[in-house]
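In: build me a model from this:
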Amino acid sequence: MADQQLRTEDWLLFANTILGSLGTIATNNPMYYFYGLTVGASSKALLSLGPDWRSWEDWLFFAGAFLGSMGNALSGNTAFMLYGLVLGAIGKALPSLAKNHRKLEDWLLFVIPLVTALGSVLSSQASLAMVGLFFGMLAKSLAGLNLGPATTPPSPPAPQPSGFVGNRNYVLWNNCVPLVNPSATFTAGSDIRASGNWDLQVNAYAPSGADAYMQFVIAITSAGEVQWSIENWPVSGDNLFNTCDQLLYKLPSTFLPKGYSIMVKMNTDPNTNDVTSVEFSVNDATGAQVARQSVPLNSTLPLCSGGWSDSYLSQVIGFEPNIVGYNGGVAVAFSSGCVGTISSGADSISASSSIPPCAETKAGTVENSNMQYSAASQVSRSLVTISTFVP
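Out: So this is what the prediction gives:
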């Protein structure tokens with residue numbers, strides 16, 4: 001649809017520029033020229049504003065054509081139309097060039113009318129500005145034309161299912177070497193809507209002989225709150241401590257919007273590789289960080305049960321990121337069409353289909369969901385990505 005719309009607006013600008021100029025040549029009446037350019041400029045601006053009413057460049061283009069016509073109608077002076085169109089053309093070109101200075105069509109629309117308008121003012125010959133405006137509009141429309149058939153961009157290939165779903169996913173590790181500053185980030189590829197509270201739950205497995213795992217959670221509630229929590233679990237029995245739910249951020253909606261990302265990063269001591277603090281953060285759809293909290297793993301933790309001991313500090317042999325229900329064994333259902341990406345990083349990292357034998361093990365996440373995971377992709381030595389989706 002967008003490609004077809006682009007073709008239509010450029011054809012209208014091209015056709016009205018040519019027809020208006022031909023009308024002036026045939027009748028020696030300059031009003032055909034002015035009306036042709038005015039209709040062409042207005043059509044291009046309004047069609048561009050259709051999908052994006054916040055496009056200032058198109059508002060300026062339309063305003064120049066409209067106000068110039070109003071000035072002419074009230075005064076009978078065609079100079080209003082001429083210089084209104086010139087200012088509109090410059091107003092259209094400059095914001096586009098600020099975003100992409102390599103666009104030839106906008107350089108032509110900016111330079112030709114500007115130079116000839118200056119020449120027209122200095123020489124008192126309006127025809128110079130008329131010629132420049134004609135060629136500027138013509139160049140803009142021709143450079144923007146897509147002369148081939150309208151096409152729809154191909155859909156990205158569907159992710160290849162790994163067979164992992166909900167509370168079972170790959171374990172990210174480095175061949176039994178403790179991970180340095182491991183992290184897991186979930187980025188929403190669509191609005192993520194669920195039947196209840198859900199979270200990115202990271203089970204960080206300790207070396208064999210230590211606590212079974214550290215559980216780091218960043219959650220999205222049905223009220224649109226982003227919360228974090230931390231627990232440590234032994235091989236058997238109840239958790240050693242629990243921070244319960246801590247508020248991090250209030251989303252602008254009751255779901256995680258498309259483009260937003262939530263992250264858990266485990267900061268490790270450079271000497272021992274123990275995880276000494278955990279960073280929870282939220283980025284908005286532009287990539288800007290809107291919330292961040294670094295939580296030290298020490299006696300300052302806001303515990304709601306259990307107690308802290310420095311013996312709970314541990315290395316991470318591997319970690320498993322799951323997209324599941326939040327707390328209490330809850331299973332959530334994500335809406336059909338939900339997609340996203342889990343990006344897992346560390347100094348060196350790869351994906352394993354099971355908990356490594358060098359890690360202390362225990363039954364994993366009890367919360368669950370219908371979120372499916374794709375085959376892991378080794379993007380680089382320090383980054384593995386896994387697509388998430390609900391058919």
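
In: please make it C-alpha for all contacts and neighbour counts, starting now.
Out: Fine.

In: can you pull the poorly scored residue ranges out of the stretch 1-150 of the chain?
Out: The model of the stretch 1-150 of the chain has pLDDT under 70 over residues 1-7, 45, 48-56, 99-100, 141, 143-150.

In: hmm, try it at 50
Out: 1-6, 51-52, 146-150 (pLDDT under 50).

In: cool, and the stretch 201-350 of the chain?
Out: For the stretch 201-350 of the chain, no stretch is flagged by pLDDT under 50.

In: and the longest helix along the chain, which residues are buried?
Out: Secondary structure of the chain per DSSP state H: the longest helix is helix 2-27. Within helix 2-27, the residues scored as buried using 16 or more other CA atoms under 10 Å are 5-21, 23-24.

In: and stretch 203-221, by the same measure?
Out: 203-207, 210-221.

In: what residues are up against the closest residue to V339 other than its chain neighbours?
Out: Nearest residue to V339, sequence neighbours excluded (CA to CA, 6 or more residues apart in numbering): F389, at 4.3 Å. F389 sits next to P159, G337, C338, V339, G340, M371, Q372, Y373, S374 when contact means CA atoms under 8 Å, 6 or more residues apart in numbering.

In: identify the farthest-apart pair in these.
Out: Greatest spacing in those, by CA to CA: G337 and S374 (14.4 Å).

In: who has more neighbours, the two?
Out: S374 (22 against 14; other CA atoms under 10 Å).

In: phi, psi of D347?
Out: Dihedral pair for D347: phi -60, psi -40, per degrees, to the nearest 10.

In: that one is in contact with V180, isn't it?
Out: Yes: applying CA atoms under 8 Å as the test, D347 and V180 come out as touching, 5.5 Å apart.

In: which of these two has more neighbours?
Out: More crowded of D347 and V180, by other CA under 10 Å: V180, with 23 against 13.

In: roughly how far apart are the more buried one and S369?
Out: Counting by CA to CA, to the nearest Å, the gap from V180 to S369 is 29 Å.

In: which stretches of the stretch 151-300 of the chain form helices?
Out: Read by DSSP state H, counting those that start in this stretch, the stretch 151-300 of the chain holds no helices at all.

In: quick one, what contacts Y35?
Out: G20.

In: for it, helix, strand, or coil?
Out: With DSSP: H, G, I helix; E, B strand; the rest coil as the basis, Y35 sits in helix.
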